[in-house]
Structures are given as C-alpha cells and as structure tokens.
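Asker: sequence unavailable; structure follows:
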C-alpha cells in the first residue's frame, strides 16, 4: 500500500492537481481493468478448474480542510472499475451536515 500526501499544499493549486490526479488514476484504472480481466487468465467455470481468486485495485483522491484529521474526506474516484467506500462517503456527508 502506498500513500502520497502534501500537508502544506497551496490551496490555489488543489483544483488543478485534483483534476490531474483523477484523470491519471482513471487511465491507470482502465489499463489495470484490462490486465485483471484478461481472458487468458480468467477461469471459465468449467469442471475441474481451481477455485477462482479475486484481485482488485482501489484508488482514492482525498482532500482535507484545515483542522480535519488526515484522510478525513476520502473521495472515491468515479468509474465502474474503481472501488468505492460507502463508509467514508457516509462519514463525509455526516461531517458536512454538522457544519
């Protein structure tokens, strides 16, 4: 697992950097979806095949506001092949509602 964070980022650059990160992550997710679902490595369900395994990739672009704990407003990427975290969405909605 890897996490890359800048805790002293000029907020004026956040929209541009977030957009770039999301676009690059979408490209990575698309290419990895192709690799993960390659028909040469996917079981067909025929008798005698081994029990299938599951492997996936989840990417998050997150942003916190001053005074929030690190990783406080995780925002899953959009897209069918990108994992989503219902827990972090509920937490974010609650936090925003309480403000």
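Answerer: Cool, the structure landed. Quick caveat: nothing in here was measured; it's all calculated off a predicted structure.

Asker: my guess is residue 32 contacts residue 59. True?
Answerer: No - using CB atoms under 8 Å as the test, residue 32 is too far from residue 59 to be in contact (9.3 Å). In this view, the C-beta of every residue, glycine as well, is placed from N, C-alpha and C.

Asker: helices or strands up against the helix or strand containing residue 34?
Answerer: Using DSSP states H and E, residue 34 sits in helix 14-36. In terms of contacts (3 or more CB pairs under 8 Å, 6 or more residues apart in numbering; DSSP states H and E), helix 14-36 is packed against strand 60-62.

Asker: tell me which other helices or strands the strand it packs on touches.
Answerer: Right, strand 60-62 is packed against helix 14-36, strand 74-76 by 3+ CB pairs under 8 Å, 6+ apart.

Asker: please identify the most buried of these.
Answerer: Among the helices and strands packed on strand 60-62, the stretch with the highest mean neighbour count (mean count of other CB atoms under 10 Å) is strand 74-76, at a mean of 16.

Asker: quick one: low-confidence residue ranges for this structure.
Answerer: 67-99 (pLDDT under 70).

Asker: try it again with 80
Answerer: Across the chain, the ranges flagged by pLDDT under 80 are 65-99.

Asker: and residue 54, how many neighbours?
Answerer: 5 (other CB atoms under 10 Å).

Asker: can you redo the helices and strands packed on strand 60-62 as CSV with distance to residue 64?
Answerer: Below are the helices and strands packed on strand 60-62 laid out as CSV (distance: least, CB to CB, whole Å):
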stretch, distance to residue 64
helix 14-36, 11
strand 74-76, 9
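
Asker: for these, which one sits closest to residue 51?
Answerer: Proximity to residue 51 (CB to CB) singles out helix 14-36 among the helices and strands packed on strand 60-62, at 17.5 Å.

Asker: secondary structure class for residue 6?
Answerer: coil (DSSP: H, G, I helix; E, B strand; the rest coil).

Asker: err, residue 55, not the other one
Answerer: Strictly by three-state DSSP, residue 55 counts as coil.

Asker: how close does it get to residue 37?
Answerer: 10 Å (CB to CB, to the nearest Å).

Asker: between those two, which has more neighbouring residues?
Answerer: Each of residue 55 and residue 37 has its neighbours counted (other CB under 10 Å); residue 37 has more, 10 against 7.
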